[in-house]
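Undergrad: here is a sequence together with a model predicted from it:
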Amino acid sequence: RVSALTGLRLDPYFTATKLTWLAENDPRSWARVLSGEAVVGTVDSYLVARLTGGARHVTDASNASRTLLYDLEAGGWSAELCGFFGVPREALPEIVPNHGVIGVTDPDAFLGLALPIGGMAGDQQAALFGQACFSPGDVKCTYGTGSFVLINTGSQPVRPGGGLLTTVAWQSPAGEITYALEGSIFVTGAAVQWLRDGLGLIGRAPESETL
């Protein structure tokens with residue numbers, strides 16, 4: 001059911017399972033969330049809250065879709081999923097489009113500057129957009145610690161199974177959502193580092209090519 005609603009798999013990699021862990025292992029902190037004294041979110045929502053001096057508690061649609069709390073079809077937080085994971089809906093950030101002004105920096109919090117914050121995106125979705133994959137069928141692969149292949153699937157979420165994840169690519173200010181499929185390999189460049197530093201099979205990373 002979680003997979004059907006979110007396009008993701010039930011995994012500790014995502015936000016909701018981490019929050020469930022927090023509730024079980026740090027009850028004092030979680031009590032503040034339940035009482036409304038504290039809120040929860042993702043890295044982007046934390047950064048915007050800090051930049052705006054606490055004025056804005058927001059996340060974008062691409063990051064929201066990676067929390068296990070976002071209903072892909074409805075395009076918003078799911079009461080069912082919040083209940084399943086025990087996360088108060090009111091503690092979650094407002095979901096905003098990926099581009100357009102979503103807040104202004106607080107001069108007291110950010111170098112004395114009042115600047116518009118005009119964009120937010122998850123890392124792989126940002127890479128898909130940055131590689132100009134604007135049309136359905138456009139695909140990119142980024143390499144680093146892991147490798148991530150994303151393909152633009154247009155205005156409808158595609159659910160192929162086989163370990164692929166369905167995700168929001170981006171949402172326009174008009175509310176139009178573009179979806180993507182993602183294939184993730186969590187260990188790629190890190191494997192080369194392991195061969196070098198962990199096993200000592202190579203002395204330098206470039207030697208892995210010959211090997």
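TA: Arrived safely. Numbering: from 1, shown residues only.
Undergrad: Val192 and Arg66: what is the separation?
TA: Distance, Val192 to Arg66, using C-beta to C-beta, to the nearest Å: 26 Å. Using the backbone N, CA and C atoms, a C-beta is placed for each residue, glycine as well.
Undergrad: name the residues that touch stretch 115-135?
TA: 44, 48, 51-52, 56, 58-60, 62-63, 65-66, 96, 98-105, 138-140, 142, 148, 150-152, 167-170, 180, 182 (C-beta atoms under 8 Å, 6 or more residues apart in numbering).
Undergrad: among those residues, name the buried ones.
TA: Buried members of the contacts of stretch 115-135, scored by 16 or more other C-beta atoms under 10 Å, are 44, 48, 51-52, 56, 58-60, 62-63, 65-66, 96, 98-99, 102-105, 140, 142, 148, 150-152, 167-170, 180, 182.
Undergrad: in strands, which of those residues fall?
TA: With strands defined by DSSP state E, the entries of the buried ones among the contacts of stretch 115-135 inside them are 58-60, 96, 99, 102-104, 140, 142, 148, 150-152, 167-170, 180, 182.
Undergrad: center of the chain - which residue?
TA: Asn63 (3.2 Å; C-alpha atoms, centre = their mean).
Undergrad: tell me the contacts of that one?
TA: Here Asn63 is in contact with Thr42, Asp44, Ser45, Met120, Ala121, Gly122 (C-beta under 8 Å, 6+ apart).
Undergrad: what do you get for Ala114?
TA: Ala114 neighbours (C-beta under 8 Å, 6+ apart): Val104, Thr105, Asp106, Pro107.
Undergrad: apply 7 Å and report the result again.
TA: Val104, Thr105, Pro107 (C-beta atoms under 7 Å, 6 or more residues apart in numbering).
Undergrad: then Arg66?
TA: Counted by C-beta under 7 Å, 6+ apart, Arg66 has contacts Phe14, Gly122, Thr167.
Undergrad: before we move on, what about Asp71?
TA: Counting by C-beta under 7 Å, 6+ apart, the residues that Asp71 touches are Leu5, Ser78.
Undergrad: where do the helices of this protein begin and end?
TA: For the chain, applying DSSP state H gives helices covering 2-6, 15-25, 27-35, 43-51, 61-64, 79-85, 123-130, 189-193, 207-210.
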